[in-house]
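# Sequence first, then the predicted structure:
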Amino acid sequence: MAARRRRRRLKKRTRRQLQVWGAVAALFAVVWVARNWSVVWPVLVAVLATAVVGGASWILLRAHRHAVGQDRAWRAQEEARARELSMAEVDALSWQEFERYIAELCRRDGCRDVVVSGKSGDLGADVVGYLADGRKLVVQVKKYAPHRSVSSQDMQKFVGTARLEHGADVALFVTTCRSFTKAALGLALRQDIVAMHRDLLGAWVKGAHLETLIPLNGSGGGTRRRPPA
């Protein structure tokens with residue numbers, strides 16, 4: 001008990017000493033500032049001005065970032081709306097017209113010797129041509145309602161013929177529906193089939209170059225790109 005009381009008294013004494021020394025230091029600072037006010041006040045003004053400018057800059061930077069974020073969101077919405085307006089025209093095409101339209105998009109982007117099969121029994125090669133660098137392009141075209149998904153069976157058929165039957169260097173599966181099923185997309189990614197759903201097709205229709213869309217392969221909307229484990 002005596003040891004505890006000694007420790008308490010020591011703590012109180014130490015606290016009082018710190019308070020005294022703090023008051024002395026504060027008084028010394030006030031006296032020094034008063035005597036050297038002509039030197040101190042420009043420094044205080046500079047510090048205050050720096051703080052004000054820094055705060056204003058931070059506020060402006062936040063406002064700018066917020067405005068940029070809103071602008072990007074607005075542009076994304078407008079681009080999506082524009083794609084969908086263009087896709088409404090595509091939806092109005094017959095499946096034969098749609099195949100010919102895809103062939104025209106390929107030609108627009110520099111593909112050569114583009115041919116549309118236009119018949120049944122084409123073994124998945126609805127459109128065939130060559131990219132600007134000479135690679136053979138084989139396109140499977142499926143004109144489905146937007147709410148549908150490309151099934152695994154559809155993808156399996158194209159996987160089985162695109163390279164073995166047609167010798168494709170680039171195999172492209174284009175559809176007007178919004179997504180591929182997880183199984184279909186997983187198969188496409190494993191077999192190096194380019195899966196172009198409605199979002200990517202909309203971008204292609206609006207002017208995006210085919211060779212910039214090929215690496216996206218199923219991303220940008222619809223089903224997630226990562227295949228199931």
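Thanks, I have the structure now. Everything quoted here is computed from the prediction, not taken from an experiment.
# Residue 163 - how many residues pack around it?
For residue 163, the neighbour count with other CB atoms under 10 Å is 17. (Glycine included, C-beta is placed from N, CA and C.)
# Apart from its chain neighbours, what residue comes closest to it?
Once flanking residues are discounted, residue 163 sits nearest to residue 171: 6.6 Å by CB to CB, 6 or more residues apart in numbering.
# Any idea what the one you found is bridged to?
The partner list for residue 171 in beta bridges (DSSP bridges) reads residue 138, residue 193.
# where's it relative to residue 165, distance?
From residue 171 across to residue 165, the span is 11 Å (CB to CB, to the nearest Å).
# Going along the chain, name the helices of this structure.
Using DSSP state H, the helices of the chain run over 2-35, 37-91, 95-108, 152-162, 182-190, 198-205, 210-213.
# And the pLDDT at the residue nearest to residue 163?
pLDDT recorded at residue 171 is 95.
# circling back to that earlier point, and residue 171 and residue 165? Which one has more around it.
residue 171 (24 against 13).
# ok, now which ones touch that one?
By CB atoms under 8 Å, 6 or more residues apart in numbering, the contact set of residue 171 is 138, 140, 158, 159, 162, 163, 191, 192, 193, 194.
# hmm, which of these are the buried ones?
The neighbour count (16 or more other CB atoms under 10 Å) marks 138, 140, 158, 159, 162, 163, 193, 194 as buried among these.
# What is the nearest of the residues you listed to residue 203?
Set against residue 203, the nearest of the buried ones among the contacts of residue 171 by CB to CB is residue 194 (13.4 Å).
# so what's the closest one closest to, chain neighbours aside?
Spatial nearest neighbour of residue 194, excluding adjacent residues (CB to CB, 6+ apart): residue 172 at 4.6 Å.
# can you pull the contacts of the one you found?
Going by CB under 8 Å, 6+ apart, the list of residues near residue 172 reads 137, 138, 139, 140, 193, 194, 196, 214.
# same thing but at 10 Å, please
Neighbouring residues of residue 172 by CB atoms under 10 Å, 6 or more residues apart in numbering: 102, 106, 126-127, 137-141, 158, 162, 193-196, 210, 213-214, 217.
# related to what we said a few turns ago, shared neighbours of residue 171 and residue 165, which are they?
124, 125, 138.
# of all those residues, which comes closest to residue 116?
Ranked by distance to residue 116 (CB to CB), the shared contacts of residue 171 and residue 165 are led by residue 125 at 9.8 Å.
# doesn't residue 204 make contact with residue 197?
No: between residue 197 and residue 204 there is no contact under CB atoms under 10 Å: 11.0 Å.
# where's residue 177 relative to residue 201, distance?
10 Å.
# So the two - more neighbours on which side?
Neighbours were tallied for residue 177 and for residue 201 using other CB under 10 Å; the higher tally belongs to residue 201 (22 against 18).
# Residue 86 versus that one, what's the distance?
For residue 201, the distance to residue 86 - CB to CB - is 9 Å.
# Same question for residue 134.
For residue 134 relative to residue 86 (CB to CB), the value is 30 Å.
# What separation is there between residue 216 and residue 11?
In terms of CB to CB, residue 216 sits 68 Å off from residue 11.
# Those two: which has the busier surroundings?
When residue 216 and residue 11 are compared for neighbours, residue 216 comes out ahead with 16 against 10, by other CB under 10 Å.
# show me what contacts that one?
Counting by CB under 10 Å, 6+ apart, residue 216 touches 194, 195, 196, 199, 200, 203, 208, 225.
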